[in-house]
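S.K.: What would the 3D arrangement of this be:
(chains A and B)
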Amino acid sequence: EAGVAQSPRYKIIEKRQSVAFWCNPISGHATLYWYQQILGQGPKLLIQFQNNGVVDDSQLPKDRFSAERLKGVDSTLKIQPAKLEDSAVYLCASSAGTGGLDTQYFGPGTRLTVL
Amino acid sequence: GENVEQHPSTLSVQEGDSAVIKCTYSDSASNYFPWYKQELGKGPQLIIDIRSNVGEKKDQRIAVTLNKTAKHFSLHITETQPEDSAVYFCAAGNSGSARQLTFGSGTQLTVLP
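M.R.: From the prediction side, this is the model:
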């Protein structure tokens, strides 16, 4: 079974530029998560989708971050404009269920550096 | 919201010794406690989890204990091997309305050969 795929693996941009990350979850998984992991810290949830609807985006900085999950499969996370403090690893995860807390499977992440 | 504290931040053990990592949580409604291992350049991988209806769970060299009264849970790794070296994260979640995980800050485990 293929795991969670993310691209690109690395991205370097200057502040005020825009950037987009892509995630392809495990086939058939209903729930998709985007996390931000700052160096030396644990992952912090940004947004959670169930199929193509948003379950929780309370920690998403909506003035600059946006995310969508078209057709309930792939997802993109966008930052526009980027700030220095956005430098982090952006992790995508997916889980099979639609209720409760199921095992979350993580992708390898995209390391973003904002100069 | 939930707050998870994890200790220690770094841990070095000799190969073959045991390692223990401890976490405390704040929300008494949390009922799911997974542990993740993250190797350099990779995403976190689930190694073991426990739900609040049990006090202990074991899988080969790895075990997790949960004390709901004290709101803390621990990861125990016995007979450590160099390949156990990684960053370990605990997390807590609630299968009710929140349905999200809150992660600890991580423990860098180094197993010395």
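
S.K.: ok, the residue nearest to residue A:13 when sequence neighbours are not counted - contacts?
M.R.: Nearest non-adjacent residue to residue A:13, counting by CB to CB, 6 or more residues apart in numbering or on different chains: residue A:19, 5.3 Å away. (Each C-beta comes from the backbone N, C-alpha and C, glycine too.) By CB atoms under 8 Å, 6 or more residues apart in numbering or on different chains, the contact list for residue A:19 reads A:11, A:13, A:78-80, A:82, A:112.

S.K.: Could you rerun that using 7 Å?
M.R.: Residue A:19 is in contact with A:11, A:13, A:79, A:82, A:112, counting by CB atoms under 7 Å, 6 or more residues apart in numbering or on different chains.

S.K.: quick check, nearest of these to residue A:32?
M.R.: residue A:79 (17.6 Å; CB to CB).

S.K.: Give me the pLDDT value at the residue nearest to residue A:13.
M.R.: pLDDT, residue A:19: 97.

S.K.: go on, residue A:52?
M.R.: So residue A:52 comes in at 82 (pLDDT).

S.K.: Next, count neighbours for it.
M.R.: Neighbour count of residue A:52, defined by other CB atoms under 10 Å in any protein chain shown: 14.

S.K.: Please state the backbone phi and psi of the closest residue in space to it that isn't next to it in sequence?
M.R.: Excluding the flanking residues, the one nearest residue A:52 by CB to CB, 6+ apart is residue A:72, at 4.1 Å. The phi/psi pair for residue A:72 (degrees, to the nearest 10) reads phi 70, psi 20.

S.K.: Please list the residues of chain B that sit near chain A.
M.R.: B:32, B:42-46, B:89, B:93, B:95, B:99-101, B:103-106 (CB under 7 Å from any CB of the partner chain).

S.K.: need the helix or strand of chain A with the lowest average pLDDT.
M.R.: Sorting the helices and strands of chain A by mean pLDDT, DSSP states H and E puts strand A:53-56 at the bottom, at a mean of 89.

S.K.: Pull up the pairing partners for that one, direction included.
M.R.: Strand A:53-56 has these partner strands in its sheet, going by DSSP bridges: strand A:44-50 (antiparallel).

S.K.: Quick one: distance of the partner strand to the chain centre.
M.R.: What separates the centre of strand A:44-50 from the centre of its chain is 7 Å, taken as CA atoms, centre = their mean, to the nearest Å.
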